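Novice: Any chance you could fold what I've pasted below:
(2 chains)
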Amino acid sequence: DAKTTQPPSMDCAEGRAANLPCNHSTISGNEYVYWYRQIHSQGPQYIIHGLKNNETNEMASLIITEDRKSSTLILPHATLRDTAVYYCIVRVVGTGGFKTIFGAGTRLFVKA
Amino acid sequence: DTGVSQDPRHKITKRGQNVTFRCDPISEHNRLYWYRQTLGQGPEFLTYFQNEAQLEKSRLLSDRFSAERPKGSFSTLEIQRTEQGDSAMYLCASSPIGQGNDNEQFFGPGTRLTVL
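Specialist: This is a model prediction of the structure:
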């Protein structure tokens, strides 16, 4: 799996958009970008994934650059409950091995 | 609650003892994964099952570690002769196959192991 680079921590004001960047310059053509988050003392939770196009769901939006070397996870209206560690992961979908390589992630602090 | 469950949630043991953890995946999820997470780090992959077959093992899984999924449903992870370095959160996840989003892994709450 390709490696990703994320800032170790970020702050965001409650109610504002949180934009979490991820660099994945060595991504392969068949690798998807996945985002998970981990709230303290819980298991990681899937947020969103995408290949080329921007994606949106009820939790977040994912913006992938045209060259696919970086992406941004957007939480449109951050709340205190969004304080968590956010992991950006790239991996192939639909093949045999599914080991997920997590990095250290970005610790997002949402402040009132 | 139909999510992934793990038992126990916390385990304290003395060095040299054996411990066993259980994971119950979401019903009908064919794939089951074990990860280990130490403080301040992301989860590290340990092993992966598809149904009852153990298809991949990390080099992190030393000879003291063994995982089983005998009937393709629940799984157990056993650590023999525990060492202080085994202290960590052990996470289990499951995922379905045969669907477009079959890489979405659903994680359990984890078992926190402390080796004294």
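
Novice: residue closest to the middle of the chain?
Specialist: The chain I'm using is chain A. residue A:35 (3.3 Å; Cα atoms, centre = their mean).

Novice: right idea, wrong chain: chain B
Specialist: For chain B, residue B:34 is the residue whose C-alpha lies nearest the centre (Cα atoms, centre = their mean; 3.1 Å).

Novice: That one is in contact with residue B:77, isn't it?
Specialist: Yes: if you go by Cβ atoms under 8 Å, residue B:34 and residue B:77 touch, sitting 5.5 Å apart. Just so you know, the C-beta spots here come from the backbone N, C-alpha and C atoms, and that holds for glycine as well.

Novice: Can you pull the residues that touch both of these two?
Specialist: B:23, B:46, B:67, B:90, B:92 (Cβ atoms under 8 Å, 6 or more residues apart in numbering or on different chains).

Novice: low-scoring stretches of chain A, by residue?
Specialist: Where chain A drops to pLDDT under 70, the residues are A:1-2, A:93-99.

Novice: Now do the strands in it.
Specialist: A:9-13, A:18-23, A:31-38, A:45-50, A:55-56, A:61-64, A:70-75, A:84-92, A:106-111 (DSSP state E).

Novice: Which of the residues in the fourth one are classified as buried?
Specialist: Think strand A:45-50. A:46-50 (16 or more other Cβ atoms under 10 Å in any protein chain shown).

Novice: now, the most widely separated pair of those residues?
Specialist: Largest separation among the buried residues of strand A:45-50 by Cβ to Cβ: A:46 and A:50, giving 12.6 Å.

Novice: tell me, what's touching the two both at once?
Specialist: Here residue A:46 and residue A:50 have no joint contacts, going by Cβ under 8 Å, 6+ apart.

Novice: Now for residue B:67: which residues touch it?
Specialist: B:34, B:46-47, B:49, B:54, B:61, B:75-78.

Novice: could those go into TSV alongside secondary structure, pLDDT and distance to residue A:25?
Specialist: Below are these laid out as TSV (DSSP: H, G, I helix; E, B strand; the rest coil; pLDDT from 0 to 100; distance: Cβ to Cβ, whole Å):
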residue	secondary structure	pLDDT	distance to residue A:25
B:34	strand	95	30
B:46	strand	93	28
B:47	strand	92	30
B:49	strand	91	33
B:54	strand	91	33
B:61	coil	84	30
B:75	strand	97	36
B:76	strand	98	40
B:77	strand	97	35
B:78	strand	97	40
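
Novice: Let's see the ChimeraX selection covering just the buried ones among those.
Specialist: One line in ChimeraX is enough to select the buried ones among the contacts of residue B:67; burial here means 16+ other Cβ under 10 Å:
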select /B:34,46,47,49,54,61,75,77
